[in-house]
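[1] requesting a structural model of the entry that follows:
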Amino acid sequence: MRGVLTGFGVIAVVIAVGYFIGRRGSLGPGGREVLTKLAFHVATPALLFTTLAQADLSVILSSKLLITALSTAAAAGVFVVVAVARKWGPGTATIGALCSSYVNAGNLGIPIAVYVLGDASLVAPVLLFQQIVVVPVALTVLDLTGPGEKGSVRRRVLAPLRNPVAVGSLTGVVVSAVGWKVPGPVLDPLTLIGNASVPAVLLAFGISLRGSSLPGRGTDKVPVLLSAALKSAGQPVVAWALGAGVFGLRGHALLDVVVTSALPAAQNLYTYASHYHVAERLARESILLSTIASVPALVVVAALLG
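    Take a look at the predicted model:
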């Protein structure tokens, strides 16, 4: 239980700092936008490159990754089906699907993995899957469906190669796959820059909460509540059913996959929504709701399966 509380405590403090920065106007009217651009264009690509360049890609062959992929697809798929039926548009459908299934495996998942599961590497399959598959696919959809001129077919196909987050992820995978060891003089500054990603995202998220209404009460009420429910309850239930009923996992192995699936939506999803100017309120409120709901969810999972 201490790991759950520790992870959430760290995040809550940084978000609170961002909120008070927003209230005081310390960074000026464009502070949130600057932090968002810093995270999207510079810090997050550096973080993803340094993480994946040193990762063991063999974890992608594990059954845990398959469970993660299937539970992610299930939660995201339900939201997309509802979004299409209710004509919410591709931007809302994409951001909502991410908020329904994209777990906070980095700044929250790692401390929880250390304190609850006893091994930080247990979140690696989730982290790799999201960075290699989910993010490039989702951002490509946003690139191709956003406002403005879309250009030629060739331009659309090459859209992921113009996205800094996708480029950082894919470059790191290539470096790891070929077994190249990044020299220290190259890796160290990138690591330093990448370390700014999580605090920049959390501070921008905190600033965005200034003046906002309570989550789940505005015009985006239905998609917000749906995505938060899928993330906090739907995805972990699917992961448990797959792990126990299909793959025969028991004990600590089952706890691993259910705990990681029960993590809340990641704060960097708000960065993506803000960058593309789509479904920003949905992202902000869904992340906040799923973060609040994940506290009792993780406690229950740890009590039942731990």
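[2] residues of the helix or strand encompassing Val300 that come out buried?
    Following DSSP states H and E, one finds Val300 within helix 280-305. In terms of neighbour count (16 or more other C-beta atoms under 10 Å), helix 280-305 has its buried residues at 280-291, 293-294, 297-298, 301-302, 305. Quick note: C-beta positions are derived from backbone N, CA and C, even for glycine.
[3] state the mean pLDDT of that helix.
    The predicted model assigns helix 280-305 a mean pLDDT of 87.
[4] do stretch 257-270 as well
    When the per-residue pLDDT values of stretch 257-270 are averaged, the result is 88.
[5] quick one: terminal-to-terminal distance for that stretch?
    Distance between the boundary residues of stretch 257-270 (C-alpha to C-alpha, to the nearest Å) amounts to 25 Å.
[6] what count of nearby residues applies to Ala12?
    Ala12 has 13 neighbouring residues, counting by other C-beta atoms under 10 Å.
[7] one more: the one 5 residues further on?
    When counting by other C-beta under 10 Å, one arrives at 15 neighbours for Val17.
[8] tell me who's in contact with it.
    Contacts were defined as C-beta atoms under 8 Å, 6 or more residues apart in numbering; by that measure Val17 touches Leu203, Gly206.
[9] what's the helix or strand for the nearest residue to Thr51 once chain neighbours are set aside?
    On the basis of C-beta to C-beta, 6 or more residues apart in numbering, the spatially nearest residue to Thr51 that is not a chain neighbour turns out to be Gly172, at 6.6 Å. For Gly172, the enclosing helix or strand under DSSP H and E is helix 164-178.
[10] chain center to the helix holding Val300: distance?
    In terms of C-alpha atoms, centre = their mean, to the nearest Å, the gap separating the centre of helix 280-305 from the centre of its chain is 13 Å.
[11] likewise for stretch 274-284?
    Going by C-alpha atoms, centre = their mean, where stretch 274-284 is centred and where its chain is centred differ by 14 Å.
[12] shouldn't Ser71 be in contact with Thr260?
    No - the pair Ser71 and Thr260 does not pass the contact test of C-beta atoms under 8 Å, sitting 9.5 Å apart.
[13] overlap in contacts of those two?
    Common neighbours of Ser71 and Thr260 (C-beta under 8 Å, 6+ apart) are Ala239.
[14] could you list the buried residues of the helix holding Gly172?
    Of the residues in helix 164-178, those with enough neighbours to count as buried (16+ other C-beta under 10 Å) are Pro164, Val165, Ala166, Val167, Gly168, Ser169, Leu170, Gly172, Val173, Val175, Ser176.
[15] extract the CA atoms of stretch 21-35 and return them as PDB.
    Written as PDB, here are the backbone C-alpha positions of stretch 21-35 (Å, rounded to 0.1, in the frame of the first residue of the first chain):
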ATOM      1  CA  ILE A  21       2.000  28.700 -10.400                       C
ATOM      2  CA  GLY A  22      -1.100  29.100 -12.600                       C
ATOM      3  CA  ARG A  23      -2.900  31.000  -9.900                       C
ATOM      4  CA  ARG A  24       0.000  33.400  -9.200                       C
ATOM      5  CA  GLY A  25       0.600  33.800 -12.900                       C
ATOM      6  CA  SER A  26       4.300  33.200 -12.300                       C
ATOM      7  CA  LEU A  27       5.000  32.000 -15.900                       C
ATOM      8  CA  GLY A  28       2.700  34.600 -17.600                       C
ATOM      9  CA  PRO A  29      -0.300  33.900 -19.800                       C
ATOM     10  CA  GLY A  30       1.700  31.600 -22.100                       C
ATOM     11  CA  GLY A  31       3.400  29.500 -19.400                       C
ATOM     12  CA  ARG A  32       1.300  26.300 -19.900                       C
ATOM     13  CA  GLU A  33       1.700  26.400 -23.600                       C
ATOM     14  CA  VAL A  34       5.500  26.800 -23.300                       C
ATOM     15  CA  LEU A  35       5.700  23.900 -20.900                       C
END
